[in-house]
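Asks: the sequence and its predicted three-dimensional model are supplied below.
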Amino acid sequence: MSQSVTDLEKLRARKGAVRRSEVPANVVAGLNRGELESVNLVEFLVIDHVKLFKAVRPGLSLDDAVAKKLSRIIKDLATAGVMQRLTATGAAFHEALVGSDAREVVYQQLTEHPSDVLRSWAAYMDAADETLTFAKRLKQARKFALDSNMGVREIAWMSVRLPAAESIVSDIERLYPLANHKNHLARRFAIEVSRPCGVWCKHITELKQRPEIAEDLLTLCREDDTKYVQDSVANWLNDASKTRPDFVQELCERWLAESESPHTRRITHRALRTLRKKA
């Protein structure tokens, strides 16, 4: 049984549990019905994608044949890792609907859904679409990058990086407008999508070897006043320090010489943490 609007509003203001066993039963039920979005990784990992799809299927513009096909695929993925499940489910939606008039309708329904899992499926529909140019991928990903849910924001950059890592290197200038965006979430996305050693994804070898490719991009955010962006820039440089310590050391010294911003000082201090440990 669905919970009342009042109960749902109370649950949406909750703090996430520390352990899976501590997630309240009514929260698990709300997550599995697609009425709630997860508020942390612990909650995200307790979601049963099979139950979730069964619950949300009536609200999606899928014909019976497509719905049954997607249901089988989601069931087959039940024992897979969470990232594999998300990626494969998004790809399954794309492949089942490509060329169909219903594709854009379903895509929109997923992007606007209360469940962060469904919004993530939509992002991975884009990742699976081989016809998208790099510019189009960035445009499509923007709504996910600006999402209120932290998990969807992580999926935003992963869904671009997965199919377009080479373009991140060759067309890095396309990230500059995002790094200059008034919304700090867009700025953070521009840095995070280009990290040499991004979390939960394949490394970009060329950026590990030649991080100077991204120097202009990083410089756009060197005085950012938002901790979320500062941490991303610092983590980018800390990644690079493991393969190109010379570049990171020199860049941080130059930034400090050129800028008196406390934000730059914080970024460089965090960027050099691995090098300090080695020293």
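Replies: Structure's in. What do you need?
Asks: show me the helices in the stretch 101-250 of the chain, by range?
Replies: Assigned helices in the stretch 101-250 of the chain, in chain order: 103-111, 116-128, 134-145, 150-170, 176-179, 184-192, 205-209, 215-220, 227-241, 245-258 (criterion: DSSP state H, counting those that start in this stretch).
Asks: contact partners of the first one?
Replies: Applying C-beta atoms under 8 Å, 6 or more residues apart in numbering, the set of residues contacting helix 103-111 from outside is 59-62, 93-94, 97, 118-119, 121-122, 125, 143-144. Any C-beta I mention is one placed from the backbone N, CA and C, and that applies to glycine too.
Asks: give me the angle between that helix and helix 150-170.
Replies: In terms of direction (axes from the mean of the first three to the mean of the last three C-alpha atoms, to 10 degrees), helix 103-111 departs from helix 150-170 by 130 degrees.
Asks: now helix 103-111 against helix 116-128, angle please.
Replies: Put simply, helix 103-111 runs at 140 degrees to helix 116-128, going by the same axes, to 10 degrees.
Asks: helix 103-111: how far from the chain's middle?
Replies: 18 Å (C-alpha atoms, centre = their mean, to the nearest Å).
Asks: same deal with the fifth one?
Replies: Relative to the centre of its chain, helix 176-179 is centred 17 Å away, using C-alpha atoms, centre = their mean.
Asks: now tell me what touches that helix from outside.
Replies: 138, 142, 145, 186-187, 189-191, 216-217, 220-221.
Asks: repeat the analysis, applying 7 Å as the threshold.
Replies: Under the contact criterion C-beta atoms under 7 Å, 6 or more residues apart in numbering, helix 176-179 has outside partners 186-187, 189-191, 217, 220-221.
Asks: one step back: next, format the contacts of helix 103-111 as a markdown table and append neighbour count, pLDDT and distance to residue 167.
Replies: Converted to a markdown table, the contacts of helix 103-111 look like this (neighbours: other C-beta atoms under 10 Å; pLDDT from 0 to 100; distance: C-beta to C-beta, whole Å):
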| residue | neighbour count | pLDDT | distance to residue 167 |
| --- | --- | --- | --- |
| 59 | 11 | 98 | 35 |
| 60 | 18 | 98 | 31 |
| 61 | 15 | 98 | 32 |
| 62 | 22 | 98 | 31 |
| 93 | 25 | 98 | 23 |
| 94 | 21 | 98 | 19 |
| 97 | 21 | 97 | 25 |
| 118 | 23 | 98 | 27 |
| 119 | 22 | 98 | 23 |
| 121 | 31 | 98 | 23 |
| 122 | 25 | 98 | 21 |
| 125 | 26 | 98 | 19 |
| 143 | 15 | 98 | 20 |
| 144 | 25 | 98 | 18 |
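Asks: which intervals of the stretch 1-150 of the chain have sub-threshold pLDDT?
Replies: Scanning the stretch 1-150 of the chain for pLDDT under 70 picks out the ranges 1-6.
Asks: give me the buried positions along stretch 29-47.
Replies: By 16 or more other C-beta atoms under 10 Å, the buried positions in stretch 29-47 come out as 29-39, 42-44, 46-47.
Asks: meant to ask about stretch 65-85, not that
Replies: 66-67, 70, 73-74, 77, 82, 85.
Asks: now for these: which two are most distant?
Replies: Farthest-apart pair in the buried residues of stretch 65-85 is 66 and 82; separation 23.6 Å (C-beta to C-beta).
Asks: still on that earlier bit, among the buried residues of stretch 29-47, which are in helices?
Replies: Residues of these located in helices (DSSP state H): 29-32, 42-44, 46.
Asks: show me the domain layout of the chain.
Replies: 1-47, 171-279 (automatic domain parsing).
Asks: dump those into a markdown table; add distance to residue 113 as well.
Replies: What follows is the domains of the chain, written out as a markdown table (distance: least, C-beta to C-beta, whole Å):
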| stretch | distance to residue 113 |
| --- | --- |
| domain 1-47 | 7 |
| domain 171-279 | 19 |
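Asks: mind checking which of those domains is nearest residue 150?
Replies: It's domain 1-47; of the domains of the chain, that one is closest to residue 150 (C-beta to C-beta) at 8.0 Å.
Asks: how much space between the residue nearest to residue 19 when sequence neighbours are not counted and residue 276?
Replies: Leaving aside its sequence neighbours, residue 19 sits nearest to residue 42 (C-beta to C-beta, 6 or more residues apart in numbering; 6.5 Å). Remark: distance between residue 42 and residue 276 (C-beta to C-beta, to the nearest Å) = 32 Å.
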